[in-house]
Structures are given as structure tokens and as C-alpha cells.
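Colleague: take a look and give me a structure for this.
(one chain, ligands or ions: 3)
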Amino acid sequence: MASKIAFLPGDGVGPEVANAAKKVLDAAAKKHELSLEYADCFFGGAAIDAMGDPFPAETKEACLSADAIFLGAIGGPKWDGAKKRPEAGLLEMRKALGVFANLRPVSVAPGMEQLSPLREERAKGVDLLIVRELTGGLYFGERTEGYDLATDQCLYTKDEVTRVARIAFEAAKKRGGRVASVDKANVLATSRLWRSAVKELHEAEYKDVELTHVLVDAMAMKLIQAPAEFDVILTENLFGDILSDEASVLSGSIGLAPSASLGEGPRGLYEPIHGSAPDIAGQGKANPAGAIMSAAMLLRYSLGESAAADNIEAAVSKALASGRGTGDIGGEDDTASFTDAVVELI
Ligand SMILES: NC(=O)c1ccc[n+]([C@@H]2O[C@H](COP(=O)([O-])OP(=O)(O)OC[C@H]3O[C@@H](n4cnc5c(N)ncnc54)[C@H](O)[C@@H]3O)[C@@H](O)[C@H]2O)c1
Ligand SMILES: CC(C)[C@H](C(=O)O)[C@@H](O)C(=O)O
Ligand SMILES: [Mg+2]
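Modeller: Ligands and ions are numbered 1, 2, ... in the order given. Model (predicted):
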């Protein structure tokens, strides 16, 4: 039976990188004899234009009945004044899918240190996984918005912290065995709850994993100063959003960074971590590697096809190692020619 993928290209460079990922997925499917069926859906600004809502009921239904959801990117200045912005649609979708754990891996492959802005010793051996809580915290609290006063509520329950911490500890057991939990416990009540819930779970079930607690401002510094020291970085929604954009640049460009958002079951949401990049949209300049690697994560986590996922990841690494790449990493490819190079290697 065919695996069903809800396919949401979105806005700006979203469709450019999503179509690149689809091309690579199709090549991997052919090679590994997988049957994939796509349901094309309106989402984000494109859905506001077509249907008046960034997350229309039809799209929600297609996502909920799919095995996996693939998203390009959404948003852009065109919809800044919209009553319900594309970004609100994205938050609503993550909540509706129950994908509370967002995995954002960042690594610098041996020999690829020259792509990193750190360029030297510090970039060597960087291999980290950010586990970002995705359906709680400031992004989902109540808001009030007036002319001279606005508020955003930050709320976490212990259960919300424990379930995402468990994902981080389990991931660490399969990687380097270390978790750095990031919070702002010197100021925020939600961070003190975060720290005590993480400690309690560690004490009860994961004593074999090394756990440290790092304040978020210090982590912003350490990610530049000594990024190779870290293995799994566990953190709440807002901090994870910011630190993952920062960490992505360690490998050369935000355009290289993939993500998987997972909940209780195998169904997941896969998207590069970057946005719609309005400054380069429509010019064929977007780096599709993050979207392509997100497609690999889809095969691995939602469809259980790890051989096909390995094949895609190896093809991207090989293409990059041979000097192929888009302009953001100093290469001469456009989106299409880099994608073709990856397809060729598959
Ligand atoms: N998941 C998502 O869909 C998502 C994520 C982040 C931002 N956004 C939205 O995207 C819009 C633009 O946001 P922004 O400009 O702050 O962030 P952005 O990630 O779109 O772009 C930041 C910078 O990175 C560059 N960049 C991004 N993706 C790239 C790629 N694939 N290849 C090469 N360069 C790339 C851009 O050109 C830009 O200079 C906003 O509306 C924002 O809300 C959406
Ligand atoms: C667009 C925005 C809502 C989104 C987020 O903050 O989660 C984006 O920045 C991301 O990282 O996926
Ligand atoms: Mg972000």
C-alpha cells in the first residue's frame, strides 16, 4: 500500500525547496521500490489567498489522514496585516498534529569545516541535536494586544516538560550519551519547573545519560565558543527557535538544516528550519539541502525506511563534499542543479 504524504509547499522559497525534496524523494522511492502518494495542500499565505485561512479545514483533514506531512516554508510581508497570519496557521497545525518534539540536527562533517563561518578547530566534530519543545510555552499562551499594552503568557505543565525530555534522553542514549538542558531558571518560574521536571526524570530513569543545565544566554555564547562540546540540547519552544537558527549557521547556512516534528505516533511533520526567505524567493537561489534532508527524516521516522533515508543523506553529503552547493555556502549551483546532483548520486 502506498504511504500518504500531505505536501504543503507554502510561500516564498517554500515551493522551490519542497519541489526539490519531492524530486529526491521520488528518486529514492524508485531506487528502494517504495510507493508514495502525495496530497497537495494549500497552506500558509498561499492558503489565505486561495481560501481565506492559512490552515483550511481541507488541509487539516489531509494532514490528519496522512502518514507524514511535508512542509516547505510559510510567511512573508504580504500577509503581515492578515487577521490570521501564516505563522498562526503553522502553530495551529503543530498543535492539531500533537507534534510536541521538534528534532533539529546540526553537524559539520569531517573535512567540511571550511563551510562553517568558524572555519577552524572550533567547527571540527560539531554534531548536535536540538530537541525543541514545540507545542507549549510562550507561542501558545494567551495574548492580549492593545495600543499601549500587550501580553504573552508563558505556561508549561510538568507533563509537557517530561514527555519532551524523554525524547531527548532516548536520543542521547543512541548518540553521545549527553543532554544539556537549556533554561532561564535564574529568572523564570516556567524554567524552574522545566529544570526540576528534567532532573526528576533523569534521576528516575536516565542516570546513565550525562545531564547538565545551562542558562540560555550562556548557551548562546557556548554554541559559538565550543559547539563540539554538545550532544543533545533540550530546550523550550522560544529558546529552541532562536538557538536552532544560531546553531544551523555552524554548518555553513540555515539552508542546510532539516527538522522532524514528532508526537506520540509515527506520523510526523517535516520541514527545513528556515523561513520563506522573501529576499531570495523566485530567483532559484534557495539551498534545498535542508528540505531534502527533512525528506530523509520523513522516510526514517514516519515510514520506517531507513535505508532510503541513509541513501539520501549520503547523496547530499557526497554532493557537498565534492564542492557542489548553492551560493549561501559559496557554491555555484542553483536550486535545480544542486537537486539534480543529489538525484544523480541516488
Ligand atoms: N517554518 C516556517 O515556515 C518558517 C520558519 C522561519 C520563518 N518563517 C517565516 O518566513 C518569513 C521570513 O522570515 P526571515 O526572513 O526572518 O527568516 P528566513 O529563514 O526566511 O530567512 C533568513 C535569512 O536566511 C536566508 N535563507 C533562508 N532559507 C534559505 C535557503 N534555503 N537558502 C539560502 N538562504 C536561505 C534568507 O535569504 C535570509 O537572508 C517570515 O514571515 C517568517 O515568519 C517561516
Ligand atoms: C514561523 C514561526 C512560527 C516558526 C517557529 O517559531 O516555530 C519558525 O521560526 C520555525 O522555526 O519553524
Ligand atoms: Mg524559527
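Colleague: which residue ranges form the strands in the stretch 1-150 of the chain?
Modeller: 3-10, 36-40, 68-73, 101-107, 127-133, 143-145, 150-152 (DSSP state E, counting those that start in this stretch).
Colleague: so which of the ones you listed comes closest to Glu58?
Modeller: For Glu58, the closest of the strands of the stretch 1-150 of the chain is strand 36-40, at 9.5 Å, according to C-beta to C-beta. C-beta coordinates here come from the backbone N, C-alpha and C atoms, glycine included.
Colleague: for that closest one, what is the distance to the chain centroid?
Modeller: How far strand 36-40 lies from its chain's middle: 21 Å, per C-alpha atoms, centre = their mean, to the nearest Å.
Colleague: that strand to strand 3-10, inter-axis angle?
Modeller: 30 degrees (axes from the mean of the first three to the mean of the last three C-alpha atoms, to 10 degrees).
Colleague: so who does Ala277 touch?
Modeller: With contact taken as C-beta atoms under 8 Å, 6 or more residues apart in numbering, Ala277 is in contact with 12-13, 73, 286.
Colleague: try it again with 10 Å
Modeller: 11-14, 16-17, 73, 75-76, 254-255, 283, 285-287, 328 (C-beta atoms under 10 Å, 6 or more residues apart in numbering).
Colleague: out of the strands of the stretch 1-150 of the chain, deepest packed?
Modeller: Of all the strands of the stretch 1-150 of the chain, strand 68-73 carries the top mean neighbour count, a mean of 28, counting by mean count of other C-beta atoms under 10 Å.
Colleague: got the CA positions of stretch 315-322 in CSV?
Modeller: Provided in CSV are the C-alpha atoms of stretch 315-322 (Å, rounded to 0.1, in the frame of the first residue of the first chain):
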residue,chain,number,x,y,z
ALA,A,315,24.0,11.6,-1.5
VAL,A,316,23.7,15.2,0.0
SER,A,317,26.9,14.7,1.9
LYS,A,318,28.7,13.5,-1.2
ALA,A,319,27.4,16.3,-3.3
LEU,A,320,28.6,18.9,-0.7
ALA,A,321,31.9,17.2,-0.2
SER,A,322,32.6,17.3,-4.0
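Colleague: tell me, which helix in this protein spans the most residues?
Modeller: In the chain, with assignment by DSSP state H, the single longest helix is helix 14-32.
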